[in-house]
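1. give me a model of this one.
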Amino acid sequence: MIWPGTWLVRTFVHDHRNVTDQKVRYGYVSLEAWVSILVNLLLGTSKLVLGLLSGNIALTADAAHTYGDMASSVVLMASMRVAARPPDEEHPHGHGRAEVIGTLALAVLLIITAVEFAHPAIDRLLGLHPLPQKITKVMGWRMVPVLIVFWAVKEWMARFSSHLGERISSEALIGDAQHHRSDALATLLVVFSFVGTEMGYPRLDGLFGLGVVGFIGWAGLHLARRTISRLMGEAPSEDLIAGIVSGAASIGGVRGVHGVEVHDYGNHKVASLHVDVAPEMSAGESHRVATMVEEAIRRRLGMSATVHIEAGESPEINSRLSRIEDVLQDFAKKEKAVLGFHAIHVTSSERHFTVDLHLTLAPGLPVEDSHRIEHELAEKLNLDIGVAKINVHCEPAEHEDLPPIP
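-> Next comes the predicted model:
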């Protein structure tokens, strides 16, 4: 059985698997926005009519919340349409930050809605505006199953938006999913409001109305804080820095990485980093290394990079390289299956230190012994030198007449 959301994606999003393409991303957002607009228009109108007929503050506030979700979808679709524009002379890195600005606009709409409905909810709680008696005559307990249906529809919308947001890594869509879920939870509070009123506690309408306002305001403030933080320039995550350093370290000739910076342009990130190479490396070779590092980062992380080559001796790397060779010599003398080592590659950055090396092992050595040797060598290097990451590549010797370990 195909989940309805999956059917909608396959039907209305062209080339839906190519989620890195900006046009495809806009297709996902467009689909979510139109579904949200249609569903929220129907639900919001139903809630508003029932809220006005019953005089229930919580339900009327919930209707406004639902209409706010619809307006947020319109803003989201407009911002993503701008974000999908290609780079131009004034915006060489594209228009991806329009998505972030649109998300901030959604947060402002939610906060305004919360403030507007806080006053009548407080008045109802204090008894300044009594609940009309016609609620018990017109609505009564029959409202409860209707509200449960409203909740189920909004919960489905939350899961639908979250699924699409995770698929294309869009904070805006994930934020919209939070709006739908807060609306679903608010609807549950409205259920309690009706139940309390029917049981003879009309002021519960004001209390649960404030609960709905709290959901709306919290969603707006939380989204605003995250969005403003991103606009101000958040520090890249440890995982992203590690990925950049690892991508650079995978290229032969790279001896160190430092000065890593990441610039976030919404749907596009650009990294800049300094790469250390041996001072005797030629200009042509260093240019080739820089190009390969940029390509490695693009391939691994899907982001562009600007690499600055720096040539010079690194006392730290040279010192650790000498200590690593000492550890390897001592290990090879004790482990008879190790016949040699070569291609020691050391890379360091401000936060990471990585060693890649190749071990030559005796022919016919069982796989489990190779794994044991790798594990024991990694433990010894970590214990003696404090290597953050070590990659050991074991190779069987072609013959046993190898030169002795130095």
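2. so where's the stretch 101-250 of the chain shaky on pLDDT?
-> Where the stretch 101-250 of the chain drops to pLDDT under 70, the residues are 117, 119-121, 123-124, 127-141, 193, 197, 200-206, 208-209, 233-234.
3. try 90
-> Filtered on pLDDT under 90, the stretch 101-250 of the chain yields the residue ranges 101-148, 150-151, 154-155, 157-159, 161-250.
4. which parts of it are helices?
-> Counting by DSSP state H, counting those that start in this stretch, the stretch 101-250 of the chain has helices at residues 134-138, 143-168, 171-198, 204-232, 238-249.
5. please state the offset of the third one from the chain centre?
-> With C-alpha atoms, centre = their mean, to the nearest Å as the basis, helix 171-198 stands 24 Å off its chain's centre.
6. can you verify my assumption that Leu381 contacts Asp326?
-> No. Counting by C-beta atoms under 8 Å, Leu381 does not reach Asp326; the two are 10.8 Å apart. C-betas here are computed from N, CA, C, even on glycine.
7. quick one: which of the helices of the stretch 101-250 of the chain is nearest Leu43?
-> Closest to Leu43 of these, according to C-beta to C-beta: helix 143-168, at 5.8 Å.
8. spatially nearest residue to Ala378, not counting backbone neighbours?
-> Spatial nearest neighbour of Ala378, chain neighbours left out: Ile390 (4.8 Å); criterion: C-beta to C-beta, 6 or more residues apart in numbering.
9. OK, contacts around that neighbour?
-> Residues in contact with Ile390, defined by C-beta atoms under 8 Å, 6 or more residues apart in numbering, are Thr354, Val355, Asp356, Leu357, Leu377, Ala378, Leu381, Asn382.
10. what's the local residue count around the second one?
-> What that stands for is Val355. For Val355, the number of neighbouring residues by other C-beta atoms under 10 Å comes to 22.
11. tell me what it is bridged to.
-> Val346, Ile390 (DSSP bridges).
12. pretty sure Asp276 is in a strand, no?
-> Yes. Checked against DSSP: H, G, I helix; E, B strand; the rest coil, Asp276 lies within a strand.
13. re the thing from before, what about Leu381 and Asp326, which has more around it?
-> Leu381 (21 against 12).
14. before we move on, which element is the more buried one in?
-> Using DSSP states H and E, Leu381 maps to helix 367-384.
15. other SSEs contacting that helix?
-> helix 315-334, strand 353-361, strand 389-396 (3 or more C-beta pairs under 8 Å, 6 or more residues apart in numbering; DSSP states H and E).
16. just how off-centre is it within its chain?
-> 35 Å.
17. list the buried ones in it?
-> Under the neighbour-count criterion of 16 or more other C-beta atoms under 10 Å, helix 367-384 has Ser370, Ile373, Glu374, Leu377, Ala378, Lys380, Leu381 buried.
18. which residues are contacting it?
-> In contact with helix 367-384 (C-beta under 8 Å, 6+ apart) are residues 323-324, 327-328, 331, 335, 337-338, 355, 359, 361, 387, 390, 392, 394.
19. quick check, pLDDT for Ser314.
-> According to the prediction, Ser314 has pLDDT 62.
20. related to what we said a few turns ago, need the helices and strands packed on helix 367-384 in JSON lines with distance to Gly252, can you?
-> Formatted as JSON lines, these follow (distance: least, C-beta to C-beta, whole Å):
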{"stretch": "helix 315-334", "distance to Gly252": "15"}
{"stretch": "strand 353-361", "distance to Gly252": "10"}
{"stretch": "strand 389-396", "distance to Gly252": "13"}
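21. buried deepest among those, which one?
-> strand 353-361 (a mean of 19; mean count of other C-beta atoms under 10 Å).
22. any idea how far Thr66 is from His180?
-> Using C-beta to C-beta, to the nearest Å, Thr66 is found at 9 Å from His180.
23. now tell me what touches stretch 31-46 from outside.
-> Counting by C-beta under 8 Å, 6+ apart, 8-9, 12-13, 63-64, 66-67, 69-70, 73-74, 76-77, 150, 153-154, 157, 160-161, 164, 173, 176, 180 sit against stretch 31-46.
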